[in-house]
Structures are given as structure tokens and as C-alpha cells.
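A.B. asks: test case, fold it:
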Amino acid sequence: MSDQPVRLLTPEDAPACARIHEACFTNGDNWSAWAFRDTLALSTTLGLATEDAGGDGARMTGFILFQKTPPDAEILTLAVSPDAQRQGLASLLLERGVQLLGPYGTDRLLLDVAADNDAAVKFYQGCGFLADGRRKNYYRRPGGQLVDALLMSRPAAGHKPESRA
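C.D. replies: As a prediction, the model looks like this:
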């Protein structure tokens, strides 16, 4: 796992979050800076970021947003800058978030992911998430194509279910 520092997000981070999100979600599912600002301003939102200290100061490399609704917490979005992917940042953000959510009484993590986002589905499965259901035709792609949302969850403590095979 990466050793990049992790810090809390603030509404002022909204433009940087929007830039990373746009670079990662090129199919029209990206959020605007206003959407990030409004979400980060909510008391029920927990947002974390990783940063890479470069020559001209720290640059955000990834972030995760959780919505706290005890006993659950939902992952609203997770993105890592394309030039910083495959360095363990997504796992780092997820696990640090789980640590911070514990005192809020979070027992379970929830999320939805586009069923056609194979990389994200595999990532979440590798982190112990299991599919709980589908929302038919939830995401609209450019050109009008509709894609199901895959609903997933896992215990917040990170226990991976054991196979009964």
C-alpha cells in the first residue's frame, strides 16, 4: 500500500476533486465542482484525499467520499488520478475511511457501481464487497445507452466472507 499522506477533504477541495473525477469518469458519470462542494459541506459526509508532494506543492492524487448513515456508510465516489493509479491509493483511502467511520457506529459499507465498470467491480470484490442486487438501467451513457448499477456491501470491519465451496 502507498505511503502517500491522507487528509480530510474540505469544500475548498471541490475543484481538484472535479478534475480528477472528470479524468476518471469519461462516460458522463463525472460530478461537477458544485456537486462536490455541496456534498463536502454536509455534516454526514466524510471525504479523504491522498496527496503527492511535488516540486510546486502538494497535488491531490485521489479521494473518496462516504455518506455516514449509521449503522451504514455509503461510498458515494472514489477516484484516483490516472497517472497515480495502480499504486494502492484506492485501497489506502478505503481502509483509512473505514478506520475513521468506526467511531460513528458504522457496521456496514454500501456502494453502487456501474455493472460495465469491470475494473471497479474487481477492485471492490478484492476488498471484500459482495453483490447484493441491481438497479436496472440506472446509469445513462452518452448516446442514451442505459447501464445497470450493481449494489454491493461488506462489513465495515473488512471481514472477507469465506467461500463455502
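A.B. asks: gap between H21 and E74?
C.D. replies: According to Cβ to Cβ, to the nearest Å, H21 and E74 sit 17 Å apart. In this view, the C-beta of every residue, glycine as well, is placed from N, C-alpha and C.
A.B. asks: neighbour-wise, which of the two wins?
C.D. replies: H21 (21 against 16; other Cβ atoms under 10 Å).
A.B. asks: my read is that that one contacts W31, right?
C.D. replies: Yes. The criterion here is Cβ atoms under 8 Å, and H21 meets it with W31 at 5.2 Å.
A.B. asks: what do those two both touch?
C.D. replies: Taking Cβ atoms under 8 Å, 6 or more residues apart in numbering as the contact rule, H21 and W31 both touch T77.
A.B. asks: what about the closest residue to Y124 other than its chain neighbours, which helix or strand?
C.D. replies: Spatial nearest neighbour of Y124, chain neighbours left out: M152 (5.5 Å); criterion: Cβ to Cβ, 6 or more residues apart in numbering. Following DSSP states H and E, one finds M152 within strand 146-155.
A.B. asks: may I have that strand as PDB, with CA atoms only?
C.D. replies: Extracted C-alpha coordinates of strand 146-155, given in PDB (Å, rounded to 0.1, in the frame of the first residue of the first chain):
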ATOM      1  CA  LEU A 146     -28.600   2.500 -20.100                       C
ATOM      2  CA  VAL A 147     -26.400   0.500 -17.800                       C
ATOM      3  CA  ASP A 148     -27.400  -1.300 -14.600                       C
ATOM      4  CA  ALA A 149     -26.000  -0.300 -11.200                       C
ATOM      5  CA  LEU A 150     -24.500  -3.200  -9.200                       C
ATOM      6  CA  LEU A 151     -25.300  -2.900  -5.500                       C
ATOM      7  CA  MET A 152     -22.500  -4.100  -3.200                       C
ATOM      8  CA  SER A 153     -21.800  -4.300   0.500                       C
ATOM      9  CA  ARG A 154     -19.300  -5.600   3.100                       C
ATOM     10  CA  PRO A 155     -18.900  -5.400   6.800                       C
END
